[in-house]
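Asks: need a structure here:
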Amino acid sequence: MTYEPVIGVEVHAQLQTKTKLFCACSTSFGQPPNTQVCPVCLALPGSLPVINQRAVEMAVRTGLALHCELTLANRFARKNYFYPDLPKGYQISQYDLPICGPGWLDISVNGKTKRVRIQRAHLEEDAGKNVHDDSAQGSYVDVNRAGTPLLEIVTEPDLYSSDEVDAYLKTLRELLVYLDVCDGNMEQGSFRCEPNISLRPQGQEKLGTKVELKNINSFRYAKDALNYEIIRQAEVLEEGGAIQQETRLWDVNKGQTAVMRSKEAAHDYRYFPDPDLLPVTLDSAWIEELRDTIPELASVRRKRFIQDYQLSEYDAGILTDSKGLADYFEVGVKLFAHPKTVSNWVTGELLRELHASNTTPEASPLQPERLIDLLQLVDSGTISLKAARDLFPALYSSEMSPEQLVKDKGLLQVSDEGELNIMIEDVLAKHSAQVEQYRGGKEAVLGFLVGQVMKASKGKANPGKVNALLKRSLAS
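Replies: I've put the predicted structure just below:
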């Protein structure tokens, strides 16, 4: 029997607030364990939570960008469960009245647009972190992360392959980064996904029993885990077995999923409104103010780059995959009105150095102004294109101006016609056979002669002028 996978996705996006959701503790990543805590996030008796307005703003802006219906009167609930990294013994989340209701997000898969329905997006606090040390007798708990604001974004079961899930996750992450509400750092856990997958016979409408894949922090791991789970569930069904509703973890080393626990239902968490927090009431006028702060998103920017700058879909896609890279490109184009040239350097030389140094475009040591200074040297004929490319790594890693580097490395291009003609006469005298071939109609020989002049000049001659002067000499 042929089975069809049906997948919904939950994403936990850490909001870029400086402080936690219900207290003033820092959300800074990588600090010593248990140093960013207070009575509120440790749930000490008598401590009371206070909502972080900035987190509410970010949730509203995200909801607007996802075309969600906003819940003007939303409230927080207690989700009760016991786990070592949950100091309170419950998690403050939203249940029956989430801040963002139904919405949608369009994705592109294999050149086709698909609309994915958003079921809800709600605010909640993160738990702490269990640290397992093989050299110790037990495990440790770091509660620095406890109370960090999360926006959980839940889709309807609208995805039918790992490729569609991959496209959805990348599109959503891109949107959140453009909104500046989440840094999208999957390695640090700022963007985590939990796909829910079930299989059903092809053509059947009723959904099968779903399995949740927990806390995946890599696009590749998400695809690998889903592909494995599709095969595993199909084999179970083919053998006449039944899929268990459970939560499974992806084991990267073994390349397979493993059971974590049986999957709970909502009633297992005994949700009830948090008595320490008032409902959050959103003002319509305030929502419209926030709507005006939504920037040009990646999909719109991509289309504009193609239309306004005459870039290919491929180039525009690479540039707008990162808001920082797109911003860098646009600063460059304002200074040097040759979009294709700027695009080539940004997506080529610059991106290569950024990847090699694990640096974001925003933190690039080479700012757009210095890159444009280099391109203007090429455009004016001061240096050759090859020399500029050879110079680029040094320019990226230093604070020197392109002009100073060119002088220090002796890369000034030779454009003086008198000096070039001397070289050309010498080359023509040494290669009389090729000269006769050219004059006999074999024009391809010109490339050989240009190469000889470039070699004689040690690559410093202006290729355009060499070409023109050679033709003039050969015609005389």
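Asks: Please, where are all the helices along the stretch 201-350 of the chain?
Replies: With DSSP state H, counting those that start in this stretch applied, the stretch 201-350 of the chain shows helices at 219-238, 284-291, 298-309, 313-320, 323-335, 339-345, listed in chain order.
Asks: Rebuild those as TSV, extending it with mean neighbour count.
Replies: Using the backbone N, CA and C atoms, a C-beta is placed for each residue, glycine as well. What follows is the helices of the stretch 201-350 of the chain, written out as TSV (neighbours: other CB atoms under 10 Å):
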stretch	mean neighbour count
helix 219-238	17
helix 284-291	12
helix 298-309	17
helix 313-320	19
helix 323-335	19
helix 339-345	19
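Asks: and these as TSV, adding distance to Leu159?
Replies: Shown next, in TSV, are those (distance: least, CB to CB, whole Å):
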stretch	distance to Leu159
helix 219-238	9
helix 284-291	28
helix 298-309	18
helix 313-320	21
helix 323-335	25
helix 339-345	32
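Asks: For Asn74, find the nearest of those.
Replies: Between Asn74 and the helices of the stretch 201-350 of the chain, the shortest gap by CB to CB is with helix 284-291, which sits at 12.4 Å.
Asks: Checking Leu377 next. Helix, strand or coil?
Replies: Secondary structure for Leu377, judged by DSSP: H, G, I helix; E, B strand; the rest coil, is helix.
Asks: how about it, what does it touch?
Replies: Leu377 makes contacts with Ile383, Ala388, Pro402, Glu403, Val406, as judged by CB atoms under 8 Å, 6 or more residues apart in numbering.
Asks: 7 Å instead?
Replies: Leu377 sits next to Ile383, Ala388, Pro402, Val406 when contact means CB atoms under 7 Å, 6 or more residues apart in numbering.
Asks: about what we covered before: can you redo the helices of the stretch 201-350 of the chain as a markdown table with mean pLDDT?
Replies: Listed next are the helices of the stretch 201-350 of the chain as a markdown table, based on pLDDT from 0 to 100:
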| stretch | mean pLDDT |
| --- | --- |
| helix 219-238 | 96 |
| helix 284-291 | 96 |
| helix 298-309 | 96 |
| helix 313-320 | 95 |
| helix 323-335 | 96 |
| helix 339-345 | 97 |
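Asks: Out of these, which gets nearest to Gly208?
Replies: For the helices of the stretch 201-350 of the chain, the distance to Gly208 is smallest for helix 219-238, at 7.8 Å, taking CB to CB.
Asks: Can you tell me what sits against that closest one?
Replies: 3, 5, 7, 162, 165-166, 169-170, 193, 195, 197, 199, 211, 213, 216, 243, 250, 252, 255-257.
Asks: so Asp274 makes contact with Ala77?
Replies: Yes - using CB atoms under 7 Å, Asp274 is in contact with Ala77, at 5.9 Å.
Asks: Between those two, point out the one with more neighbours.
Replies: Ala77 (23 against 19; other CB atoms under 10 Å).
Asks: That one - nearest residue in space that isn't next to it in sequence?
Replies: Spatial nearest neighbour of Ala77, excluding adjacent residues (CB to CB, 6 or more residues apart in numbering): Tyr95 at 4.1 Å.
Asks: just to revisit the earlier point, and Cys68, which of the helices of the stretch 201-350 of the chain is closest to it?
Replies: helix 284-291 (11.3 Å).
Asks: Packing partners of the closest one?
Replies: helix 53-65 (3 or more CB pairs under 7 Å, 6 or more residues apart in numbering; DSSP states H and E).
Asks: Could you spell out the sheet neighbours of the following helix or strand past the helix it packs on, each with its direction?
Replies: With elements assigned by DSSP states H and E, the helix or strand that comes after helix 53-65 is strand 73-74. Paired with strand 73-74 in the same sheet, following DSSP bridges, are strand 280-281 (antiparallel).
Asks: Surely Thr19 and Cys25 touch.
Replies: Yes - Thr19 sits in contact with Cys25 when judged by CB under 7 Å, with a separation of 6.3 Å.
Asks: what does stretch 160-175 contact?
Replies: By CB under 7 Å, 6+ apart, the residues outside stretch 160-175 that reach it are 4-7, 9, 11, 65, 105, 107-109, 114, 116, 153, 159, 184, 191, 193, 195, 219, 222-223, 226-227, 297-298, 321.
Asks: and these, which are buried?
Replies: When the contacts of stretch 160-175 are checked for burial by 16 or more other CB atoms under 10 Å, the buried set is 5-7, 9, 11, 65, 105, 107, 109, 114, 116, 153, 159, 184, 191, 193, 195, 219, 222-223, 226, 298.
Asks: Restricted to helices, list those.
Replies: Judged by DSSP state H, the buried ones among the contacts of stretch 160-175 include Ala65, Phe219, Ala222, Lys223, Leu226, Ala298 as members of helices.
Asks: Can you tell me how far the second one is from Thr281?
Replies: What that stands for is Phe219. Separation of Phe219 from Thr281 (CB to CB, to the nearest Å): 38 Å.
Asks: Next, count neighbours for Leu371.
Replies: Neighbours of Leu371 using other CB under 10 Å come to 25.
Asks: ignore the last one, His355
Replies: His355: 9 neighbours (other CB under 10 Å).
Asks: Does Val466 belong to a helix, a strand or coil?
Replies: Recorded secondary structure, Val466: helix (three-state DSSP).
Asks: okay, now the spatially closest residue to it that is not a sequence neighbour: neighbour count?
Replies: Excluding its sequence neighbours, the residue lying closest to Val466 (CB to CB, 6+ apart) is Val453, at 4.9 Å. Counted with other CB under 10 Å, the neighbours of Val453 add up to 22.
Asks: Which of the helices or strands spans the nearest residue to Ala266 once chain neighbours are set aside?
Replies: Spatial nearest neighbour of Ala266, excluding adjacent residues (CB to CB, 6+ apart): Tyr95 at 7.5 Å. Counting by DSSP H and E, there is no helix or strand that carries Tyr95.
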